[in-house]
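1. Quick one, structure for this:
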Amino acid sequence: MANIFTIQYIKEISLPASLPLLYLLPAMASAAAAISAALSSLSLHPPSRRSHLFNTPLFSSSSSIRFHTVPKLAASPKDDIDTSFFDNVDPNSEITFDPPVPPEGYVPPPAFDELPPESEEAIAAAYEEIYGPAYSGESVLGNDIYVMDAKLKKASGLLGRNKREKPNDGFDERVVQVRRVTKVVKGGKKLSFRAIVVIGDKKGHVGVGVGKAKEVVDAIFKSAVNARRNIVTVPMTKYLTFPHRSDGDYGAAKVMLRPASPGTGVIAGGAVRIVLEMAGVENALGKQLGSKNALNNARATVTAVMKMRQLREVALERGIPMEELWQ
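-> Next comes the predicted model:
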């Protein structure tokens, strides 16, 4: 039964006309073997009786094979390229280079070795234009021999260290304290510097920052960056003093701030005075109570300033005119 099914299946196979039948016989034989093996589970005969399938001829005289013509694919754009130019070209032949004719009046530049030799003064002048005056103390172009040294000293800080440029944002910087701190590690003690910087525009904005680094310049720069991230607004009256009294604390440090009449000045000491001056306060009284730590007193001053409020803000919240605040 499997043999008859195989022959009937092969009779219906459609082959392209461009392929010879001789090349398709092995493929058909393998296909017939695969089909018969797949149908063996449906057969009732033992496996020994399936060997006669391979001895049965695949095609009989009555079998017919239908051939179909495969359509030709469309031509690609590459087939339209004209390559007839290379039909008469021999790749092994020697091709001579024929450059184009130069235009009329063209004068070729002289070769490098045909130029007149440069003088030492011309070489020194060209070198000085690129790198500046020489360190030997002689200038061919009449420049100052100390200009390059001045530029190098201006670009670098003390002992040749890089000098950081301050941002031009309208804030002035004041260094409150620079201390050397020590960190105990496994291999010993690690020394570094801690800087406290107060910045302000003297228009009611002030900030306190702290930074640590191995160098003093780097510590001051980092503390200034930290201070710019912690800027607060100081409420002031037209007499450049506080609108009311306020107290602030930070850690063990306590600061007392009181307004003052015009002409009094800033009567305070330590970090409190620096914070008030950088904020633009001209008449105020300040007192440090408790710890004398500079960083804690500076931050306690900022805390006391943040508690202050303008009189118009309080009157607006209460819904009353400002004149009633003094009654």
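
2. From the centroid of this structure, which residue is nearest?
-> Geometric centre of the chain, nearest residue: Val225, 20.2 Å, by C-alpha atoms, centre = their mean.

3. Tell me if that residue really is in a helix.
-> Yes: assignment of Val225 by DSSP: H, G, I helix; E, B strand; the rest coil places it within a helix.

4. from what I can see it touches Val210, true?
-> No: using C-beta atoms under 8 Å, Val225 is not in contact with Val210, being 10.7 Å away. C-beta: built from backbone N, CA, C; applies to glycine.

5. picking up where we left off before, next, find the distance separating the residue nearest to the centre of the chain from Ala260.
-> 33 Å (C-beta to C-beta, to the nearest Å).

6. Check Lys238 too.
-> Computed as C-beta to C-beta, the Lys238 to Ala260 distance reads 14 Å.

7. what about the two, which has more around it?
-> Neighbours per residue (other C-beta atoms under 10 Å) separate Lys238 from Ala260, with Ala260 holding more: 19 against 6.

8. Just the pLDDT at the more buried one, thanks.
-> On the pLDDT scale, Ala260 is placed at 95.

9. could you list every residue that touches the residue nearest to the centre of the chain?
-> 209, 211 (C-beta atoms under 8 Å, 6 or more residues apart in numbering).

10. Can you tell me who Gln288 pairs with across the strands?
-> Counting by DSSP bridges, Gln288 is bridged to Val255.

11. let's number from 56 now, not from 1
-> Will do, 56 is the new start, and the previous item becomes Gln343.

12. beta partners for the closest residue to Phe297 other than its chain neighbours?
-> Closest residue to Phe297 apart from its sequence neighbours, by C-beta to C-beta, 6 or more residues apart in numbering: Pro314 at 4.2 Å. For Pro314, the beta-bridge partners under DSSP bridges are Ala339.

13. and Pro314, how many residues sit next to it?
-> Pro314 is flanked by 19 other residues according to other C-beta under 10 Å.

14. Surely it touches His299?
-> Yes: assessed by C-beta under 8 Å, Pro314 is found in contact with His299 at 6.7 Å.

15. Going along the chain, name the helices of the stretch 156-305 of the chain.
-> Assigned by DSSP state H, counting those that start in this stretch, the stretch 156-305 of the chain shows helices spanning 175-186, 202-210, 271-283.

16. and those helices, which is most packed in?
-> Among the helices of the stretch 156-305 of the chain, helix 271-283 has the highest mean neighbour count (mean count of other C-beta atoms under 10 Å), at a mean of 20.

17. in the chain, which segments are predicted with low confidence?
-> Along the chain, segments meeting pLDDT under 70 span 56-82, 93-134, 187-192, 199-218.

18. hmm, 80 instead?
-> The model of the chain has pLDDT under 80 over residues 56-144, 146, 150, 167-168, 182-222, 381-382.

19. Count residues in the vicinity of Val261, would you?
-> Neighbour number of Val261 under other C-beta under 10 Å is 29.

20. who's it bridged to?
-> Gly255, Val287.

21. follow-up on the earlier one: can you lay out the helices of the stretch 156-305 of the chain as JSON lines showing distance to Ile322?
-> Shown next, in JSON lines, are the helices of the stretch 156-305 of the chain (distance: least, C-beta to C-beta, whole Å):
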{"stretch": "helix 175-186", "distance to Ile322": "57"}
{"stretch": "helix 202-210", "distance to Ile322": "40"}
{"stretch": "helix 271-283", "distance to Ile322": "24"}
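
22. Figure out which of those is closest to Ser194.
-> Of all the helices of the stretch 156-305 of the chain, helix 175-186 sits nearest to Ser194, with 6.7 Å by C-beta to C-beta.

23. Now find how far off-centre that closest one is within its chain.
-> Distance, stretch centre to chain centre, for helix 175-186: 40 Å (C-alpha atoms, centre = their mean, to the nearest Å).

24. Can you tell me what sits against that helix?
-> With C-beta under 8 Å, 6+ apart, helix 175-186 has contacts from 189, 194-196, 198.

25. Kindly supply the ChimeraX command isolating those of those that are buried.
-> Only the buried entries of the contacts of helix 175-186 go into this ChimeraX selection, using 16 or more other C-beta atoms under 10 Å:
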select :194,195
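
26. Just the ones of the contacts of helix 175-186 in strands?
-> If you go by DSSP state E, those have nothing in strands.

27. What is the most widely separated pair among the contacts of helix 175-186?
-> Largest pairwise distance in those, by C-beta to C-beta, is 10.5 Å, between Ala189 and Leu196.

28. Could you find the closest non-adjacent residue to Asp302?
-> Using C-beta to C-beta, 6+ apart, the nearest residue to Asp302 is Met311, at 5.3 Å.

29. Fine by me, we can end here.
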